[in-house]
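3D model of this:
(2 chains)
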Protein chains: 2
Amino acid sequence: MTSAPSCSVGLDIGGANLKVYSEHGGEIVYFPFWKEWQRLGEVLAGIREQHQVKRAGTVITAELSDAFSSKTDALLYIEKTLKETFDEVFFLNLDGELKQGMDNPLNFAASNWVASVRFLGEDFDEFIFADMGSTTTDIIPFKGRMLAGKSDYERLKRRELLYFGMLRTPVFYVLPEFDGVPLSSEYFSITADAMRILGLVDGDSYTCETPDGRGKSVDECMQRLARALCCDVEELGREKTVRLAEAVKEEMVRRIALTFRQKSQEFGINLVLGCGIGEALLKEAAELAELEFTAISSMYGEASHLFPAFAMWKLVDGLVDAE
Amino acid sequence: MTSAPSCSVGLDIGGANLKVYSEHGGEIVYFPFWKEWQRLGEVLAGIREQHQVKRAGTVITAELSDAFSSKTDALLYIEKTLKETFDEVFFLNLDGELKQGMDNPLNFAASNWVASVRFLGEDFDEFIFADMGSTTTDIIPFKGRMLAGKSDYERLKRRELLYFGMLRTPVFYVLPEFDGVPLSSEYFSITADAMRILGLVDGDSYTCETPDGRGKSVDECMQRLARALCCDVEELGREKTVRLAEAVKEEMVRRIALTFRQKSQEFGINLVLGCGIGEALLKEAAELAELEFTAISSMYGEASHLFPAFAMWKLVDGLVDAE
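Numbering: from 1, shown residues only, chains lettered A, B, ... in the order given. Here you go, the predicted structure:
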């Protein structure tokens, strides 16, 4: 990158990915925090140089990974690493406030959806925000203010955090049974395999590791998915393996639609704003729930795939202008 | 071991453990085939020397692991490795026949329960055999002959293979929700954590790796289990974490009891013969299903924990006597 140094970068430090946005554009860096957390400083320094920035605005969800025995320890480590890397760091808390340090670390946990919703709330009065990423799906009602639970636990309970996504979820979490046959509990196959078979994810978008360490071709995904029923592909049959992939997807759509409908009824909101690599599934779910749907990609292009980082960049960039 | 060389060893080559029995007694060797399969020959050679045997009788379930892209490839590799290690090898097929080579490899897949049931069938006319290990629970009706499906797929379908066990199963497979809150799909906690908290497994019996690479103390198990609901222990509370462990166990018992009752009704069998490290849970399930229960440990002591290997030793030892 040859342009002049810019001030700000938006960061979303997740458990499996670092999402980065600056005026140079965005990138999703596969970074399995639970095993590579010691390398965070090095990776962030690379981002600082590549994007030529001195200031970072950050949201964090990586504290949930089991790299540290408590979320607070993880948050303090991330805070320290960020402060060592950038001249100035802003952290967004669960109340939507930008802070230069973590006065109460747990109030900065699992905060990435707050950035997206705070940003969208400047243009929209009421909406159900939905962000389907590699691992989870956030569903946040907004009507003048954010109406979601704050902790991951509260959001799980209220179905505002659905713990499945387009890539990393073991298929048996989404689909305990197929055609009356319970799936194996081994880590044989993940949603990325099903999505790849259905053409909803391509080889390059399958950014996480494969469960068996083999490749990301459709045939290899079929092998893994058949294994979820303790079968070789020849044993289960290719047609039935594809049907299994479809069933995985349909169950994800069904569960999302259920929450959409419930939140729509509870709060009287009819518009879903959807982003993330699972935008297409969110659209299907909104249709199933008979709600309006606007793709965030139709407004912000590729930034849809890393919207919290984009929103953080916008929020922090605004700060710079104001000074 | 200083006794004179003995002829035979019984082996149960599983996906996560090698179970070994000879006249010197039994042992369970944690051996994650999916990542250490290249070391199989070396480990088997160690067993050959330690037990001072030249002949092996083998059952296999490791072919299901995703070390190889097809089960046949895995079975042929295991056959070759065994033949290179021992002077004489007997393989038990799904028809209960001992063979010196795999004429049809897939007929030797997932055969460990066959050894146990064939052996028990010599003394009992009718029973429901149940073996709860680290990873799975086999439930096999016998009435003069084995009445179970043959492939893993068929047994999954008929609930004769319940894909959970005492140690390695992600808790969310057993318990998708707790108190109305869906569990996370991350590999945060396994059944061993719940069993350890409840005192049903001790630190030494927790033979598999922990999901987070940390220790096996009750406190560390509590941390992992709370994390399954996206919480630190302090956040979920110790009492609720223990209740979660109990709920995991109770759901396992409930599902096993359901199959016991169904098989009992279908085939008119009232006796359960239970073995494996989960014998205590099988007993509870039999009581819940109002069936008679006999612990295989009450007949064969510690061999209950590795009964297919013990049964193979008995079957092959018999062969030796007959010659």
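
Contacts for stretch A:156-164 next, please.
Outside of stretch A:156-164, the residues within contact range by CB atoms under 8 Å, 6 or more residues apart in numbering or on different chains are A:135-141, A:148-149, A:152, A:154-155, A:169, A:173-174, A:191, A:252, A:255-256, A:258-259, A:262-263, B:180-186, B:229-230. Yep, even glycine has a C-beta here, placed from its N, CA and C like the rest.

Same question for stretch A:287-294.
Outside stretch A:287-294, the residues touching it (CB under 8 Å, 6+ apart) are A:128, A:253-254, A:257-258, A:260-261, A:264, A:270-274, A:282-283, A:286.

Of those, select the buried ones using a ChimeraX command.
In ChimeraX, this line selects whichever of these come out buried by 16 or more other CB atoms under 10 Å in any protein chain shown:
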select /A:128,253,257,260,261,264,271,272,273,274,282,283,286
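
List just the nearest of the contacts of stretch A:287-294 to chain B.
Using CB to the nearest CB, the shortest approach to chain B within the contacts of stretch A:287-294 belongs to residue A:258, at 12.0 Å.

so what's the closest one up against?
When contacts are counted by CB under 8 Å, 6+ apart, residue A:258 is found next to A:159, A:289.

what do you get for residue A:22?
The contact partners of residue A:22, taken as CB under 8 Å, 6+ apart, are A:6, A:8, A:9, A:10, A:51, A:53, A:313.

Which parts of the stretch 51-200 of chain A are helices?
Secondary structure of the stretch 51-200 of chain A, counting by DSSP state H, counting those that start in this stretch: helices at A:71-85, A:112-120, A:152-157, A:171-174, A:191-197.

can those helices go into TSV with extra columns for mean pLDDT and mean neighbour count?
Supplementary listing: these in TSV, determined by pLDDT from 0 to 100; neighbours: other CB atoms under 10 Å in any protein chain shown:
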stretch	mean pLDDT	mean neighbour count
helix A:71-85	97	19
helix A:112-120	96	25
helix A:152-157	97	20
helix A:171-174	98	26
helix A:191-197	98	28
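
Quick check: buried residues in stretch A:148-167?
With burial defined by 16+ other CB under 10 Å, the residues of stretch A:148-167 counted as buried are A:148-153, A:155-167.

contacting residues for residue A:297?
So residue A:297 contacts A:275, A:279, A:303, A:304, A:305 (CB under 8 Å, 6+ apart).

Likewise for residue A:218?
A:196, A:197.

switch to 10 Å and redo it
When contacts are counted by CB atoms under 10 Å, 6 or more residues apart in numbering or on different chains, residue A:218 is found next to A:193, A:196, A:197, A:198, A:199, A:202, A:203, A:242, A:245.

isn't the last one right up against residue A:200?
Yes: because the distance of 9.4 Å satisfies CB atoms under 10 Å, residue A:245 is recorded as touching residue A:200.

Name the residue in these two with the higher neighbour count.
Neighbour comparison, residue A:245 and residue A:200: the larger count goes to residue A:245, with 26 against 18 (by other CB atoms under 10 Å in any protein chain shown).

Which of the helices or strands spans that one?
Counting by DSSP states H and E, the secondary-structure element that holds residue A:245 is helix A:238-267.

tell me how far that helix is from the chain's mean position?
Relative to its parent chain, helix A:238-267 has a centroid offset of 18 Å by CA atoms, centre = their mean, to the nearest Å.

Now do the following helix or strand past that helix against helix A:112-120, angle only.
Beyond helix A:238-267 on the C-terminal side, the first helix or strand identified by DSSP H and E is strand A:271-275. Direction vectors for strand A:271-275 and helix A:112-120, defined by axes from the mean of the first three to the mean of the last three CA atoms, to 10 degrees, enclose an angle of 120 degrees.

What average pLDDT does strand A:271-275 get?
In this model, strand A:271-275 has an average pLDDT of 98.

strand partners of that strand, parallel vs antiparallel please.
Strand pairing for strand A:271-275, determined by DSSP bridges: strand A:126-132 (parallel), strand A:292-295 (parallel).

What residues sit buried inside the helix or strand following that strand?
Using DSSP H and E, the helix or strand that follows strand A:271-275 towards the C-terminus is helix A:279-288. Within helix A:279-288, the residues that count as buried by 16+ other CB under 10 Å are A:279, A:280, A:281, A:282, A:283, A:284, A:285, A:286, A:288.

Also stretch A:39-47?
A:40, A:43, A:44, A:47.

Can you list the buried residues in the lowest-mean-pLDDT helix or strand in chain A?
Across the helices and strands of chain A, the lowest-confidence element by mean pLDDT, DSSP states H and E is helix A:307-322, at a mean of 83. Of the residues in helix A:307-322, those with enough neighbours to count as buried (16+ other CB under 10 Å) are A:307, A:308, A:309, A:310, A:311, A:312, A:313, A:314, A:315, A:316, A:317, A:319.

One more: stretch A:121-137?
By neighbour count, and taking 16+ other CB under 10 Å as the criterion, the buried residues in stretch A:121-137 are A:121, A:127, A:128, A:129, A:130, A:131, A:132, A:133, A:134, A:135, A:136, A:137.

my read: residue A:73 touches residue A:102, true?
No: using CB under 10 Å as the test, residue A:73 is too far from residue A:102 to be in contact (12.0 Å).

ok now do the residue most central in space within chain A, which residues does it touch?
The residue lying closest to the centre of chain A (CA atoms, centre = their mean) is residue A:133, at 3.3 Å. Neighbouring residues of residue A:133 by CB under 10 Å, 6+ apart: A:12, A:14, A:16-17, A:19, A:28, A:61, A:112, A:165-168, A:275-278, A:305-308.

just residue A:236 next, same as before
Residue A:236 sits next to A:178, A:181, A:222, A:225, A:226, A:227, A:228, A:229, A:230, A:243, A:244, B:153 when contact means CB under 10 Å, 6+ apart.

Looking at the residues you listed, which are in strands?
Taking DSSP state E as the definition of strands, the contacts of residue A:236 contribute A:178, A:181.

I would like a ChimeraX command selecting only the buried ones among the contacts of residue A:236, please.
The following ChimeraX selection, which keeps only the buried ones among those, applies the criterion 16+ other CB under 10 Å:
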select /A:178,181,222,225,226,227,228,229,230,244 /B:153
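
from the contacts of residue A:236, which single one is nearest residue B:298?
Using CB to CB, the shortest approach to residue B:298 within those belongs to residue A:230, at 31.8 Å.

can you tell me how far the closest one sits from chain B?
Note on residue A:230: its distance to chain B, by CB to the nearest CB, to the nearest Å, is 4 Å.

Settle this for me: that residue is touching residue A:172, isn't it.
No: counting by CB under 10 Å, residue A:230 stays clear of residue A:172, with 11.4 Å between them.

Quickly list what's touching both of the two.
In terms of CB under 10 Å, 6+ apart, residue A:230 and residue A:172 are both contacted by the residues A:183, A:184, A:186, A:188, B:163.

okay, those residues in CSV with distance to residue B:296 next?
Listed next are the shared contacts of residue A:230 and residue A:172 as CSV, based on distance: CB to CB, whole Å:
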residue, distance to residue B:296
A:183, 29
A:184, 25
A:186, 26
A:188, 30
B:163, 21
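
can you tell me which two in those are farthest apart?
A:188 and B:163 (10.6 Å).

sorry, back to before: identify the contacts common to residue A:245 and residue A:200.
With the criterion set as CB under 10 Å, 6+ apart, the overlap between the contacts of residue A:245 and residue A:200 is A:191, A:194.
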